[in-house]
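Visitor: quick check, what structure comes out for this input:
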Amino acid sequence: MPEQLPHLADAAPARPLLPDRLVSGYEAFLGGRFAREQDRFHQLAETGQSPRIMLIGCCDSRVSPEVIFDAGPGEIFVLRNVANLVPPYAPNDDLHGASAALEYAVLGLHVAHIVLLGHASCGGVRAYAENDLDPDQKPLSSGDFIGKWMSLIGPAAAKIGPASEPLDAYVERLALASIVQGLANLRSFPAVATLERLGGLSLHGAYFSIAEGKLLALDEATGEFQAVSAKAHADAFSEPRF
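Guide: Here you go, the predicted model:
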């Protein structure tokens, strides 16, 4: 009599419900932050969220807004996407995740500030720049999702003109220009423009250097990005690190 084969479900190794790293992190959260801030979490569950700030940032795992700004639960309403881009106001039958989040933050949560946070060494901006400098490479196709999304950086690239410096420097200049363009796109939303005009909403542009931990903010009056908390940044590096 032939030997019976084990059932496939019995033979397959058990697949974990979540990656081990997330499980261990969750356990650390339970024993640490959740234990310390349990009342805060309970209050948020009972009363809902009322953040004063919306932050639009990049999906890049190195640039976590909650970490950079030492934010607690319920403090910042965060939207993250590839290259921290903001589409212009264009209501139609397409699916608009970024625009929907913006609409909810402004009209539902009544945030007082919107911060557009870019960062150094952005892979999305670099891919756009490389494609623009050498179209034969075509790392981004106009038919795929990333290529279509990154086309939003086109107006910023057109404003600063072609690269006149090494690629790394041009990518950083383009990233800064994209923040300026993103603020203009935010103002194309009627509710944003109206609330800003009435003084109920402020828009801000910022840029974070991953390696240095340096934060810059845009002074729209001059068009320059200026260092934020320069003394605190210098103090952070004044002590030996090893």
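Visitor: now the longest helix seen in the chain: buried residues?
Guide: Criterion DSSP state H: the longest helix present in the chain is helix 167-186. With burial defined by 16 or more other Cβ atoms under 10 Å, the residues of helix 167-186 counted as buried are 170-183, 185-186. All C-beta spots, glycine's among them, are computed from the backbone N, C-alpha and C.
Visitor: and for stretch 110-124?
Guide: By 16+ other Cβ under 10 Å, the buried positions in stretch 110-124 come out as V111, I114, V115, L116, L117, G118, H119, A120, S121, C122, G124.
Visitor: between those, which is nearest H233?
Guide: The shortest approach to H233 among the buried residues of stretch 110-124 belongs to A120, at 14.5 Å (Cβ to Cβ).
Visitor: the nearest residue to that closest one once chain neighbours are set aside - how many residues pack around it?
Guide: Distances taken as Cβ to Cβ, 6 or more residues apart in numbering put S209 closest to A120, at 4.7 Å, once the chain neighbours are dropped. S209: 14 surrounding residues under other Cβ atoms under 10 Å.
Visitor: for H204, give the beta-bridge partners.
Guide: Beta bridges link H204 to V115 when assigned by DSSP bridges.
Visitor: relative to E66, how far out is it?
Guide: 17 Å (Cβ to Cβ, to the nearest Å).
Visitor: one more: P190?
Guide: Separation of P190 from E66 (Cβ to Cβ) stands at 30 Å.
Visitor: same question, G199
Guide: In this view, G199 and E66 are 28 Å apart by Cβ to Cβ.
Visitor: which one of these two has more residues nearby?
Guide: Neighbour comparison, G199 and E66: the larger count goes to E66, with 14 against 8 (by other Cβ under 10 Å).
Visitor: quick check, that one in a helix?
Guide: Yes. Counting by DSSP: H, G, I helix; E, B strand; the rest coil, E66 is part of a helix.
Visitor: which one is it nearest to, not counting chain neighbours?
Guide: I76 (6.7 Å).
Visitor: the one you found reaches V67, doesn't it?
Guide: No. Proximity of I76 to V67 does not meet the contact threshold set by Cβ atoms under 8 Å, at 11.2 Å.
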